[in-house]
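Peer 1: predicted structure and sequence below. I'll ask about it afterward.
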Amino acid sequence: MSASAQLNLLDPTTYPSRRVEAWKYSDLARVLRDAPQVSPTANVGTAGAFDDIADTVVVFANGQSDEASFTAAGKQTLALRFVSDATGTAHSARYDVRVPAGSSVTVVESYEGAGSAYASHVRLTYVVEAGGFLTRIVVADDVADAVSIVDAEITLAAGGKLAQTVVSTGAKLQRIETRLAHYADGADARLDGVYVLNGSRHVDLTTVVDHLAANGTTSQLSKGVARDTSRGVFQGKIIVERGADGTDARMGHHALIAGERAEIDAKPELIIYADDVQCAHGNTVGTLDESALFYMQSRGITEDEARALLTTAFLGEVVDRIEREDIRERVDQWLTDRL
Amino acid sequence: MLKIYNLHASVEDKAILKGLSLEVPAGEVHAIMGPNGAGKSTLGNVIAGRPDYEVTNGSVSWNGVDVLELDPAERAAAGVFLSFQYPVEIPGVPALTFVRTALNAQRRQRGEEEVTAPQFMKLVKEASKSLKMDFDMLKRPLNVGFSGGEKKRMEILQMAVLEPSLLILDETDSGLDIDALRIVSEGVNALRRADRSMLVITHYQRLLDYIKPDRVHVLAGGRIVASGGPELALQLEAEGYDKYLPTAA
């Protein structure tokens, strides 16, 4: 069982440290030394940013909710609001979503932080049955000194489809982990991520994709910008098991360093046991193009505006892959507001 | 009026401009010619404020404003426009967005109102039509995948929309075939105005057949070593730059 699956915020012996390979860039045991108290219940007054486009809204206030699972039917949009409003305490939540054959569900998970120094852990399972289509949008907006862990386990049956986009601004330690299994033939997954980090924030986007059946496709594109003393971590593992012939898996991670003491750690891994597969990965870390910056300034665009415009354009490639226009526009605005 | 006095500039501690003085009155077009490595492009970059070009002595003023005190965007708002020898590709930013952002950024810096979308579209449509540009090209990311000629036309379009008062054309003819050269030159000539000065930097006389200068200056060894009328360009074409090069001692 993975360290993520064993994690219990109330039990420090379950905190993975950097000695656990999958957590080597995100040492939870160092950040969260002692077991925190359980968060009190919280009131959630305001409406969520995606409520108006959702058919169903489920709110978790410091982990507490009346609902534990959701089964989609037809075409639906579900907003899952994980609201943290606590100071120095911890809370956990879990939720299960089933996407039956022929249904198409869009889930917008928002992680909304208030208060300070809380620790939050959310565990999700998504079961996409044959021919089901899951669009998963994760908008992670934790406070700067929070610890926030989201781990999702997603399974795709034959012809199942996943389109996932995570956008994040990090936290003291924020990890958004997705473990995906292509259980049957012809499943299709897109797993994207965008992060914008300021101050000393830390984000860890970890994905583990296991191709267990033939003719599956995985397309991953993550991009981020790290400013000040922030740290962006991307870990992408793709495993193509014996017999998973015809797999087509592509992974890209590209980051901008925009602070002299900012750091990016990227660990792409392709582990291939099958024959006849197409796999590729690309990873780049760089800075904004100085000649482009000067060119823009020479036309009257201020340096700050030029940097923001180039960064937005850089990240925009990922956002543009969100199919639904209303969500794409909101995500785009959300990022623009944070640049 | 552009006034450059005793300008010294270095790049990575290497002195390139060594006491360059030059005046371009309003409404005039002056050509800067010279051998490779003379400092022609450095002059354009220093006036526009490129980082890493360090001014060690001298002054540059435009209409009485000390441009060396301004950052590059402020210089642009003050009317300075450097047309790049190799215009830079800006992935992900459509040309239209770029030009509108630049225009409004300049207007904000000058305390003017921003242009509305319809006003802007009208401006751009007129400019692109006179430059025989396909309007759809302006929806593509700026300069990405554009040919050499298209990039230069895009530069002229920006000049037409941004309406700078000092144009510096850095080797605008490089990479252009004869048809593109003619279209680009016509675009530049259409921008000649009594209150607008132009500095045309070129290695070859060819461009000056199309953009007729009022004065020609020879830049060699980091200084202006000769000045004259348009006939000087023809003389350089016939005789080369040899006599202006430092002789081996």
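Peer 2: Okay, I see it.
Peer 1: doesn't B:S185 lie inside a helix?
Peer 2: Yes: according to DSSP: H, G, I helix; E, B strand; the rest coil, B:S185 belongs to a helix.
Peer 1: once you drop chain neighbours, what's closest to it?
Peer 2: Leaving aside its chain neighbours, B:S185 sits nearest to B:Y210 (3.3 Å; criterion: Cβ to Cβ, 6 or more residues apart in numbering or on different chains). C-beta: built from backbone N, CA, C; applies to glycine.
Peer 1: count of neighbours near the one you found?
Peer 2: 17 (other Cβ atoms under 10 Å in any protein chain shown).
Peer 1: for B:I183, same thing?
Peer 2: The tally of other residues near B:I183 (other Cβ under 10 Å) stands at 19.
Peer 1: list the residues that contact the residue in the stretch 51-200 of chain A that chain B sits nearest to.
Peer 2: The nearest approach of the stretch 51-200 of chain A to chain B comes at A:V194, 13.4 Å away (Cβ to the nearest Cβ). Listed by Cβ atoms under 8 Å, 6 or more residues apart in numbering or on different chains, the contact set of A:V194 reads A:165-168, A:222-224, A:315, A:318-319, A:335.
Peer 1: from chain A, how far off is the residue nearest to B:S185?
Peer 2: Separation of B:Y210 from chain A (Cβ to the nearest Cβ, to the nearest Å): 24 Å.
Peer 1: secondary structure element for the residue of the stretch 51-200 of chain A closest to chain B?
Peer 2: strand A:188-197 (DSSP states H and E).
Peer 1: quick check: what element follows that strand along the chain?
Peer 2: By DSSP H and E, the next helix or strand past strand A:188-197 is strand A:202-211.
Peer 1: angle of that following strand against strand A:188-197?
Peer 2: Angle, strand A:202-211 to strand A:188-197, by axes from the mean of the first three to the mean of the last three Cα atoms, to 10 degrees: 170 degrees.
Peer 1: who does the strand holding A:V194 pair up with?
Peer 2: strand A:161-168 (parallel), strand A:217-227 (parallel) (DSSP bridges).
Peer 1: dump those strands into a markdown table; add mean pLDDT and mean neighbour count as well.
Peer 2: As requested, these are arranged in a markdown table below (pLDDT from 0 to 100; neighbours: other Cβ atoms under 10 Å in any protein chain shown):
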| stretch | mean pLDDT | mean neighbour count |
| --- | --- | --- |
| strand A:161-168 | 98 | 24 |
| strand A:217-227 | 98 | 23 |
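Peer 1: stretch B:113-120 spans what distance, first to last residue?
Peer 2: Chord length of stretch B:113-120, first to last residue, is 13 Å (Cα to Cα, to the nearest Å).
Peer 1: roughly how far apart are B:L232 and B:H203?
Peer 2: Distance, B:L232 to B:H203, using Cβ to Cβ, to the nearest Å: 14 Å.
Peer 1: right, so of the strands paired with strand A:188-197, which gets closest to A:Y95?
Peer 2: strand A:161-168 (15.8 Å; Cβ to Cβ).
Peer 1: next one: the closest one to chain centre, how far?
Peer 2: Averaging C-alpha coordinates over strand A:161-168 and over its chain gives two centres that are 7 Å apart (Cα atoms, centre = their mean, to the nearest Å).
Peer 1: quick check: angle from the helix or strand that it is followed by to strand A:217-227?
Peer 2: Sequence order places strand A:173-182 as the next helix or strand after strand A:161-168, per DSSP H and E. Per the same axes, to 10 degrees, the angle that strand A:173-182 makes with strand A:217-227 is 170 degrees.
Peer 1: who is the residue positioned nearest the centre of chain B paired with across the strands?
Peer 2: Compute the mean C-alpha point of chain B, and by Cα atoms, centre = their mean the closest residue is B:I168, 2.1 Å away. Beta-bridge partners recorded for B:I168 (DSSP bridges): B:L82, B:L199.
Peer 1: so what's it up against?
Peer 2: With contacts taken as Cβ under 8 Å, 6+ apart, B:I168 has the following neighbours: B:44, B:47-48, B:80-83, B:198-199, B:201.
Peer 1: got those as TSV, with pLDDT and distance to B:R108 columns?
Peer 2: What follows is the contacts of B:I168, written out as TSV (pLDDT from 0 to 100; distance: Cβ to Cβ, whole Å):
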residue	pLDDT	distance to B:R108
B:G44	96	25
B:I47	97	23
B:A48	97	20
B:V80	97	17
B:F81	98	17
B:L82	97	21
B:S83	96	23
B:M198	96	26
B:L199	97	27
B:I201	95	30
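Peer 1: nothing else from me, thank you.
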